[in-house]
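# got a predicted structure here, sequence first:
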Amino acid sequence: MAVYTDINDEELALLLADYDIGTALAFKGMAEGVENSNFLLETTGGRYFLTVYEKRMREEELPFFLDLMRWLAQHGFPSAAPLADRNGVTIKRVRGKPAAIVEFLPGLSVRRPTVDHCREAGEGLARLHQAAQGFPGTRANDLGQASWAPLFATLREAADGLKPGLAATISGDLDRLAAAWPQGLPTGVIHADYFPDNVFFTAGKFAGAIDFYFACVDALAYDVAVALNAWCFEADGSFNITSARALVAGYESLRPLSAAERQALPALAHGAAMRFFLTRLEAWGATPAGALVRPKDPLEYERKLAVHRAAPDLVLFGAPA
Ligand SMILES: Nc1ncnc2c1ncn2[C@@H]1O[C@H](COP(=O)(O)OP(=O)(O)O)[C@@H](O)[C@H]1O
Ligand SMILES: N[C@@H](CCOP(=O)(O)O)C(=O)O
């Protein structure tokens with residue numbers, strides 16, 4: 001459950017007094033999410049979402065994320081725009097922590113995406129990339145390829161603890177990725193965490209995306225690769241090529257991939273699996289037993305790594321490598 005910070009009625013009333021959105025009617029902590037404390041807020045003015053940013057969030061990076069959400073909302077992409085208070089301030093403080101109120105984004109995420117959801121999600125991702133064009137902010141991908149080996153150096157024991165011999169296998173993957181990491185692909189603002197829990201649908205149609213807190217500037221095709229891993233594996237660990245074709249077709253209906261981007265997909269998908277394996281492994285060891293938040297399973301991504309290792313042209317869908 002992701003409510004690390006309690007907010008009492010007085011604190012909420014004090015915060016709302018700075019805005020023109022009326023007074024609170026309902027205020028409820030959300031169990032979903034792992035990073036920040038999230039609250040559904042209903043006021044006499046409408047429905048909103050209050051996020052209190054917790055320790056992993058670097059406060060100096062918040063303007064990039066919140067400005068991006070506003071930019072996207074203003075450029076035709078369904079994103080929850082942050083609210084400025086009467087003095088134009090977006091980043092507030094609650095219990096000494098940074099906090100922001102954003103619009104409530106209607107829609108629901110899906111736990112088990114169908115092929116149609118994958119197509120919609122792919123198209124939604126291309127919409128995001130297109131809407132973000134011209135966004136003036138910039139942020140490097142601090143979880144990009146260059147970060148993986150140093151991060152893994154701190155996790156070798158944890159890897160072997162998870163599965164004996166895994167550290168050596170991961171080292172081999174890291175060497176291979178470092179040697180073959182695609183360069184010179186088209187870049188732009190990417191979501192970088194485009195998982196089913198961060199994408200909303202209404203009546204089966206793409207309705208928007210949330211959780212831009214890993215967004216950064218990197219290869220656009222890397223975002224497609226993150227999504228292929230997150231949306232197109234079955235519960236039994238197999239890769240669903242039909243879902244993957246649908247996701248890429250949805251993406252390409254708005255933004256066709258170049259030949260270089262398509263050729264790069266296998267390495268990008270292998271790398272994207274590495275990124276989430278490593279951060280999950282890190283969180284796995286750092287989460288004390290009995291903590292309120294259940295860490296995500298690193299083995300799920302270890303299995304995805306194994307798939308990409310064994311069948312590197314899987315995500316080329318039969319196109320020549
Ligand atoms: N703007 C929003 N509108 C509607 N629901 C939201 C909004 N932002 C977050 N949520 C809900 O809160 C949950 C957790 O949000 P998320 O940003 O993913 O948290 P975390 O970063 O802690 O993982 C989401 O799964 C979604 O149900
Ligand atoms: N999507 C990541 C973890 C980040 O969680 P989120 O709730 O902020 O989307 C993973 O699956 O490892």
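Structure's in. What do you need? Ligands and ions are numbered 1, 2, ... in the order given.

# show me what contacts Arg86?
By CB atoms under 8 Å, 6 or more residues apart in numbering, the contact set of Arg86 is 18-20. Placement of C-beta: from N, CA and C, glycine included.

# that one in helix, strand or coil?
Following DSSP: H, G, I helix; E, B strand; the rest coil, we place Arg86 in the coil state.

# what about it, distance to ligand 1?
Distance from Arg86 to ligand 1, counting by CB to the nearest ligand atom, to the nearest Å: 21 Å.

# what are the phi and psi values for that residue?
Reported as degrees, to the nearest 10, the phi and psi values for Arg86 are phi -60, psi -20.

# in strands, which of the contacts of Arg86 appear?
If you go by DSSP state E, those have nothing in strands.

# restrict these to the buried ones and give me that as a PyMOL selection.
With 16 or more other CB atoms under 10 Å as the criterion, this PyMOL line picks the buried residues out of these:
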select buried, resi 19
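
# Asp218 contacts Ala192, doesn't it?
Yes. With contacts counted by CB atoms under 8 Å, Asp218 reaches Ala192, the gap being 7.0 Å.

# okay, and the common contacts of those two?
By CB under 8 Å, 6+ apart, Asp218 and Ala192 have these common neighbours: Asn141.

# for the stretch 1-150 of the chain, what spans make up the helices?
With helices called from DSSP state H, counting those that start in this stretch, the stretch 1-150 of the chain shows them at 9-16, 62-74, 115-131, 145-153.

# again but with the stretch 201-321 of the chain, I slipped
Taking DSSP H, counting those that start in this stretch as the test, the helices found in the stretch 201-321 of the chain are 220-231, 241-252, 259-286, 298-310.

# and the third one, what does it pack against?
What that stands for is helix 259-286. helix 145-153, helix 156-162, helix 166-180, strand 216-219, helix 220-231, helix 298-310 (3 or more CB pairs under 8 Å, 6 or more residues apart in numbering; DSSP states H and E).

# next up, the contacts around Leu15.
Going by CB under 8 Å, 6+ apart, Leu15 touches 7, 50, 92, 94, 99, 101.

# switch those over to CSV; also include pLDDT and neighbour count.
Output for the contacts of Leu15, formatted as CSV (pLDDT from 0 to 100; neighbours: other CB atoms under 10 Å):
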residue, pLDDT, neighbour count
Ile7, 91, 20
Leu50, 95, 23
Lys92, 97, 18
Val94, 93, 21
Ala99, 96, 20
Ile101, 98, 24
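
# just to revisit the earlier point, which stretch among the helices of the stretch 201-321 of the chain comes nearest Lys205?
Closest to Lys205 of those is helix 241-252 (CB to CB; 11.5 Å).

# other SSEs contacting the closest one?
Judged by 3+ CB pairs under 8 Å, 6+ apart, helix 241-252 is in contact with helix 115-131, helix 220-231.

# between helix 220-231 and that helix, find me the angle.
Counting by axes from the mean of the first three to the mean of the last three CA atoms, to 10 degrees, helix 241-252 lies at 140 degrees to helix 220-231.
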